[in-house]
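# Need a 3D model of the sequence below.
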Amino acid sequence: MKCFVTGGSGFIGANLVHELCRRGHSVRVLARRGADLRGLEGADYELFEGDVSDPAHLRSGMKGFDWCFHVAASYHLWLPDYAPMFAANVEGTRNVLEAAFRADCARIVYTSTVGCIGLPKEVNGSLTPTDEDTPVSEAQMSNPYKLSKWRAEVVARELVKRGLPIVIVNPSAPVGPRDVKPTPTGKVIVDFLNRAMPAYLDTGLNWVHVRDVAVGHILAAEKGRVGERYILGNAEGNWTMREAFAMLQDITGVPAPRVALPYFIPLLAAYVDEGISKITGKPPKAPLAGVRMARYKMFFNPAKAIRELGLPQTPPRQALQDAAEWFRQHDYLRR
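Numbering: from 1, shown residues only. Sure, this is the predicted structure:
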């Protein structure tokens with residue numbers, strides 16, 4: 001298949017491009033001029049310069065392509081002005097999806113986030129991971145990034161009703177190779193390896209190998225039902241931070257932090273940090289949005305993607321091990 005990928009220079013996007021190439025598909029990657037393309041090193045792809053704000057340019061780039069993967073997103077937990085992020089994530093999504101349809105792409109896969117899935121609630125001291133059908137509303141989008149992705153999903157669902165062949169995927173917390181920036185989840189691993197994490201918050205994530213997420217995108221194009229959402233996660237990956245750090249300690253030999261901070265301490269620090277940022281214009285070290293999200297254990301059930309798509313389930317231990325090894329090999333650790 002001829003595949004057009006937006007966001008191919010990012011963490012998930014780069015792994016998707018590598019997986020598509022490995023499977024023999026031809027790939028064209030949309031990227032802005034000057035984009036960091038280190039994650040794409042070794043992949044046989046064609047670069048197409050541009051961005052999601054130009055519908056005509058997008059349409060010309062997608063002409064003759066079979067599949068479109070819209071992975072690109074502006075991901076920021078703090079900005080002095082959120083308008084550009086909403087423009088990229090909401091209107092940019094509309095531009096890409098409509099351009100793909102007008103270019104006659106047979107299947108369009110839109111990358112959302114589990115942030116648009118309802119969060120689990122504790123009942124009698126137990127959390128039941130949530131799935132794609134868990135009730136959720138815009139009012140529950142607790143920060144501008146999640147709200148922008150929610151509105152982008154709304155756009156995708158509206159376009160499905162107009163006949164666009166869109167499948168939505170919602171990755172959980174991917175880890176693994178090619179996390180160049182790194183992502184916030186990857187930075188947790190880097191800070192752990194550098195012994196720069198003396199304490200932690202009692203939160204939790206659904207940890208999944210980024211390769212499984214990349215494969216999940218391809219399976220969504222091959223098998224996904226139009227208009228459906230699929231959580232790309234791991235059924236055994238719902239781990240608290242304490243559990244994840246214990247596993248990292250076992251893998252690497254680096255001692256895990258033992259102190260769990262009460263929630264009010266990082267919350268207070270985030271308020272102070274953002275107050276300073278409003279004056280200086282520099283991003284806070286601990287954005288308030290990130291601390292608020294950490295209050296909840298983001299545990300999810302990917303059974304639908306496993307059942308309908310055949311989503312692979314690489315053990316989360318392997319995902320953490322591959323991530324740690326990649327960061328070591330690419331000099332993210334302090335000497």
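# count of residues packed around residue 200?
Residue 200 is flanked by 21 other residues according to other CB atoms under 10 Å. Where you see a C-beta, it was placed from the backbone N, CA and C, and this is true even at glycine.
# Check residue 4 too.
Count around residue 4 with other CB under 10 Å applied: 29.
# The one 10 residues further on too?
The number of residues packed around residue 14, counting by other CB under 10 Å, is 29.
# Check residue 18 too.
23.
# check contacts around it.
40, 42-43, 178, 214 (CB atoms under 8 Å, 6 or more residues apart in numbering).
# can you tell me which helix or strand it belongs to?
Assigned by DSSP states H and E, residue 18 belongs to helix 11-22.
# Report the buried residues of that helix.
Across helix 11-22, burial judged by 16 or more other CB atoms under 10 Å covers 11-21.
# ditto for stretch 107-127
107-120, 127.
# Can you identify the element that follows the helix holding residue 18 toward the C-terminus?
Counting by DSSP H and E, the next helix or strand C-terminal to helix 11-22 is strand 26-31.
# Which secondary structure elements does that next one sit against?
Judged by 3 or more CB pairs under 8 Å, 6 or more residues apart in numbering; DSSP states H and E, strand 26-31 is in contact with strand 2-6, helix 11-22, strand 46-49, helix 55-62.
# Is it possible to get JSON lines of those that adds mean pLDDT?
What follows is the helices and strands packed on strand 26-31, written out as JSON lines (pLDDT from 0 to 100):
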{"stretch": "strand 2-6", "mean pLDDT": "98"}
{"stretch": "helix 11-22", "mean pLDDT": "98"}
{"stretch": "strand 46-49", "mean pLDDT": "98"}
{"stretch": "helix 55-62", "mean pLDDT": "97"}
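# export those to TSV and tack on distance to residue 303?
Converted to TSV, the helices and strands packed on strand 26-31 look like this (distance: least, CB to CB, whole Å):
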stretch	distance to residue 303
strand 2-6	27
helix 11-22	21
strand 46-49	36
helix 55-62	33
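# closest one to residue 103 among the ones you listed?
The closest of the helices and strands packed on strand 26-31 to residue 103 is helix 55-62. By CB to CB, the value is 3.7 Å.
# List the neighbours of the closest one that are in contact with it.
4, 28, 30, 48, 50, 52, 68, 95-96, 98-100, 102-103, 105.
# swap in stretch 196-206?
Contacts of stretch 196-206 (CB under 8 Å, 6+ apart): 114, 129, 172-173, 185, 188, 191, 233-234, 237-245, 257, 259-261, 263, 266, 291, 293-300, 302.
# what does stretch 309-324 give?
174-177, 179, 186, 189, 193, 207-212, 215-216, 219-220, 223-224, 230, 232, 234-237, 239, 244, 247-248, 251-252, 302, 305-306.
# ok, and what's touching stretch 144-159?
So stretch 144-159 is contacted by 73-77, 79, 82, 85-86, 89-90, 93-94, 97-98, 101, 110, 112-113, 115-116, 138, 141, 166, 168, 227, 229, 289 (CB under 8 Å, 6+ apart).
# Can you pull out the low-pLDDT segments for the stretch 101-250 of the chain?
Counting by pLDDT under 70, not a single residue of the stretch 101-250 of the chain qualifies.
# Let me see the ranges of the strands in the stretch 151-300 of the chain.
166-171, 173-175, 199-201, 204-209, 229-232, 238-240, 259-261 (DSSP state E, counting those that start in this stretch).
# what would those strands look like in JSON lines with distance to residue 276?
Shown next, in JSON lines, are the strands of the stretch 151-300 of the chain (distance: least, CB to CB, whole Å):
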{"stretch": "strand 166-171", "distance to residue 276": "32"}
{"stretch": "strand 173-175", "distance to residue 276": "28"}
{"stretch": "strand 199-201", "distance to residue 276": "21"}
{"stretch": "strand 204-209", "distance to residue 276": "28"}
{"stretch": "strand 229-232", "distance to residue 276": "37"}
{"stretch": "strand 238-240", "distance to residue 276": "30"}
{"stretch": "strand 259-261", "distance to residue 276": "20"}
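# what sits against residue 100?
Neighbour list for residue 100: 4, 58, 62, 65, 68, 70, 108, 164 [criterion: CB under 8 Å, 6+ apart].
# How about residue 89?
Counting by CB under 8 Å, 6+ apart, the residues that residue 89 touches are 73-74, 145, 148-149, 151-152.
# before we move on, what SS does it have?
helix (DSSP: H, G, I helix; E, B strand; the rest coil).
# And what about the residue nearest to it when sequence neighbours are not counted, helix, strand or coil?
Computed as CB to CB, 6 or more residues apart in numbering, the closest residue to residue 89 that is not its neighbour in sequence is residue 148, at 4.0 Å. Assigned by three-state DSSP, the conformation of residue 148 is helix.
# what's the burial count for residue 148?
24.
# Same question for residue 30.
27.
# who are the neighbours in contact with the nearest residue to it once chain neighbours are set aside?
Excluding the flanking residues, the one nearest residue 30 by CB to CB, 6+ apart is residue 6, at 4.5 Å. Counting by CB under 8 Å, 6+ apart, residue 6 makes contact with 13, 30, 52, 68-72, 96.
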